[in-house]
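J.: Here's a sequence, model it:
(one chain, ligands or ions: 1)
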Amino acid sequence: MISKFLNCPNCLSSEYFEKLGNKDITCGNCKTTMPNLAGIQYISKNAEQLLFSIQSGFSLWANKKNAQINEINQAIKSSNSKIFSNRLKTLSKAIQFQTNKINKLLSEPLIITLKGHEIPVPDVSFDCDEYFANIHRDWSWNTEQCENQASINIIQKVVQKNTKIKNILVLGAGAGRLSYDIGLAFQPDNVILCDHNPLLLKIAHEMTHGENVELFEFPVSPKKPEDVVRLHKMKNSHYSKEIASKFSFICGDIFDKIFKQKYFDTILTPWLIDILPYHPSKIISRVNELLPIDGIWINFGPLGFQSESKINHYHQNEIIEMLEEGGFKVDRQLNETIPYLASPYSKQFRSEEVWSFTAKKIRNCKKPSHQNTLGEQRWLHETSEPVPVLQEFIEEAVKCKVYSQVLNQINGKRSLDEINDNFCKTFNLDQDSSLNTIKSYLGKILNLV
Ligand SMILES: C[S@@+](CC[C@H](N)C(=O)[O-])C[C@H]1O[C@@H](n2cnc3c(N)ncnc32)[C@H](O)[C@@H]1O
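T.: Now for the predicted structure:
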């Protein structure tokens, strides 16, 4: 039962129950229900809001794709070149196909579930294009000595021989290939994949369960004319029903208190610690609170911190110091260069030196001191310092993006009904609930509600 390792993020109770004939789980204490749609367990303080934000993210993405198709079709009309318009025709058809496919995979089950529900505050933090190339890297490019094989080889080198993994949690699991290969190589009892990107997780689910999925790849720099778009019929050639039965798929935020503490003996963070918009001590303390003493953290990935400020571009020696402060003892480590997103259909690819380590939890840790430096908000006084990418700013930016759709339409001529009509088309929403959301938003600006 999926709930054996889950907490309710609202009341932190660990007692969930499932209703007969329904995979949704309900908290035994506060009675909040977490939906399970087509094999993916969605879990959040406000699960309805999570589903809604995914649906809005999909709708915005689909609108963007339709706009691209219109632009391409215009270019075809005004072109005199056959070779140019043939490429664009292929491109336009492939984008249309992809939009329909992703709609079927992801959006349709959400729409059915959300029908009739009141719409919470709009929020579109999900983009179907994010890390999309990882899907093809994981499941389409069956090249010899590819990144997937190189990755599992490294994990096997860095994990002590004869290590018995029982329950492994993969944080930021993406499209799931490395998790599957770990399932094959180490035969754990349970493999739990967590990611807040539902599309990647859905692909991970379908591939793990031996399903077929067809998706296009749009190579960055096509090698041959026929590589402009490439339809991949993805299937897991190592599918095993027994391995698949050990997997669970959780869509949620790794920092929400959604997992029982000390349930997992192993945590894997593949390509994660450098892309988080936080100080590394935050992920260190999160992994620490999840693992029991002697639990193992396996990290795999580069250190390519994205922060604009050089201050935050940590070297691995600094991370080791933070790990020691955070209650870990680094056991083994390895630096190895591997290809990155090396599509056989593109002229371009990167290589990355990945840093892998295993670290044992030796003690519980208090909240790390590094987090306080961000908490002080020095940049508010020292105005020449960079403003940190705080979660609050990210969330506000997303809300502004959605509400700007409403504000941009106010021109002194359009009525609330007309504005609502356009808003609903953009986000594929139910008219009545959305009208209330807009009314209350505009009312708040004028201090009327
Ligand atoms: C660089 S990708 C790596 C994906 C996968 N591990 C791989 O190696 O292909 C980082 C992943 O972390 C996920 N992620 C980032 N922040 C997250 C969060 N707060 N909660 C859940 N997932 C998160 C992203 O959606 C993405 O799938």
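
J.: hey, where'd the strands end up in the stretch 301-449 of the chain?
T.: 328-340, 350-361 (DSSP state E, counting those that start in this stretch).

J.: any chance of those in JSON lines, with distance to the ligand, mean neighbour count and mean pLDDT too?
T.: For the C-beta atoms, the positions are set from N, CA and C on the backbone; glycine is no exception. Output for the strands of the stretch 301-449 of the chain, formatted as JSON lines (distance: least, C-beta to the nearest ligand atom, whole Å; neighbours: other C-beta atoms under 10 Å; pLDDT from 0 to 100):
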{"stretch": "strand 328-340", "distance to the ligand": "10", "mean neighbour count": "15", "mean pLDDT": "96"}
{"stretch": "strand 350-361", "distance to the ligand": "10", "mean neighbour count": "18", "mean pLDDT": "96"}
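
J.: Would you format these as CSV with distance to L60 included?
T.: As requested, the strands of the stretch 301-449 of the chain are exported to CSV (distance: least, C-beta to C-beta, whole Å):
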stretch, distance to L60
strand 328-340, 28
strand 350-361, 28
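
J.: Look at I192 and tell me its secondary structure.
T.: strand (DSSP: H, G, I helix; E, B strand; the rest coil).

J.: burial count for it?
T.: Close neighbours of I192, defined as other C-beta atoms under 10 Å, add up to 25.

J.: Now do it against the ligand, distance only.
T.: To the ligand, I192 is 12 Å away according to C-beta to the nearest ligand atom, to the nearest Å.

J.: Test of understanding: give the bridge partners of E214.
T.: K233 (DSSP bridges).

J.: from memory it sits against K235, does it?
T.: No. E214 is not in contact with K235 according to C-beta atoms under 8 Å; the separation is 9.9 Å.

J.: Show me which of these two is the more surrounded one.
T.: More crowded of E214 and K235, by other C-beta under 10 Å: K235, with 15 against 12.

J.: Now for that one: which residues touch it?
T.: By C-beta atoms under 8 Å, 6 or more residues apart in numbering, the contact list for K235 reads W139, M207, G210, E211, N212, V213.

J.: Can you check the pLDDT for the second one?
T.: Here the pLDDT value assigned to M207 is 98.

J.: is it true that it lies in a helix?
T.: Yes. Assigned with three-state DSSP, M207 falls within a helix.

J.: per-residue pLDDT, the closest residue to it other than its chain neighbours?
T.: In space, and not counting its chain neighbours, M207 is closest to N236: 4.5 Å by C-beta to C-beta, 6 or more residues apart in numbering. Looking at N236, its pLDDT reads 96.

J.: and N236, how many residues sit next to it?
T.: Around N236 there are 21 other residues, counting by other C-beta under 10 Å.

J.: again with I40
T.: Around I40 there are 22 residues (other C-beta under 10 Å).

J.: contacting residues for it?
T.: P198, L201, K202, H205, F249, I250, C251.

J.: cool, E214 as well?
T.: E214 makes contacts with K101, L231, H232, K233, M234, as judged by C-beta under 8 Å, 6+ apart.

J.: That one and L105, how far apart?
T.: E214 sits 10 Å away from L105, going by C-beta to C-beta, to the nearest Å.

J.: T437 too?
T.: Relative to L105, and taking C-beta to C-beta, T437 is found at 27 Å.

J.: now do S13
T.: 32 Å.

J.: Mind checking which of those two has more residues around it?
T.: Using other C-beta under 10 Å as the criterion, S13 and L105 rank with L105 on top: 20 against 13.

J.: Need phi/psi at the more buried one.
T.: As for L105, its main-chain torsions (degrees, to the nearest 10) stand at phi -70, psi -40.

J.: Excluding chain neighbours, give the residue nearest to it in space.
T.: Nearest to L105 is K202, by C-beta to C-beta, 6+ apart, at 5.5 Å.

J.: so which strand or helix has that neighbour?
T.: helix 198-208 (DSSP states H and E).

J.: got it, and N86?
T.: Using DSSP H and E, N86 falls in helix 82-102.

J.: what does that helix rub up against?
T.: 58, 62, 65-66, 68-69, 72-73, 75-76, 79, 128, 199, 213-216, 218, 225, 228-229, 231.

J.: Quick one: work out the angle between the lengthiest helix in the chain and helix 82-102.
T.: If you go by DSSP state H, the chain has its longest helix at helix 47-77. Here helix 47-77 points in a direction 160 degrees away from that of helix 82-102 (axes from the mean of the first three to the mean of the last three C-alpha atoms, to 10 degrees).

J.: Helix 47-77 and the ligand in contact?
T.: No. Helix 47-77 stays clear of the ligand (C-beta under 6 Å from any ligand atom), getting no nearer than 11.4 Å.

J.: what is the mean pLDDT for that helix?
T.: 91.

J.: got the angle for that helix vs helix 198-208?
T.: Going by the same axes, to 10 degrees, helix 47-77 is angled at 90 degrees with respect to helix 198-208.

J.: What is helix 47-77 packed up against?
T.: With contacts taken as 3 or more C-beta pairs under 8 Å, 6 or more residues apart in numbering; DSSP states H and E, helix 47-77 sits against helix 82-102, helix 108-114, helix 416-427.

J.: so which of these gets nearest the ligand?
T.: Closest to the ligand of those, according to C-beta to the nearest ligand atom: helix 82-102, at 15.6 Å.
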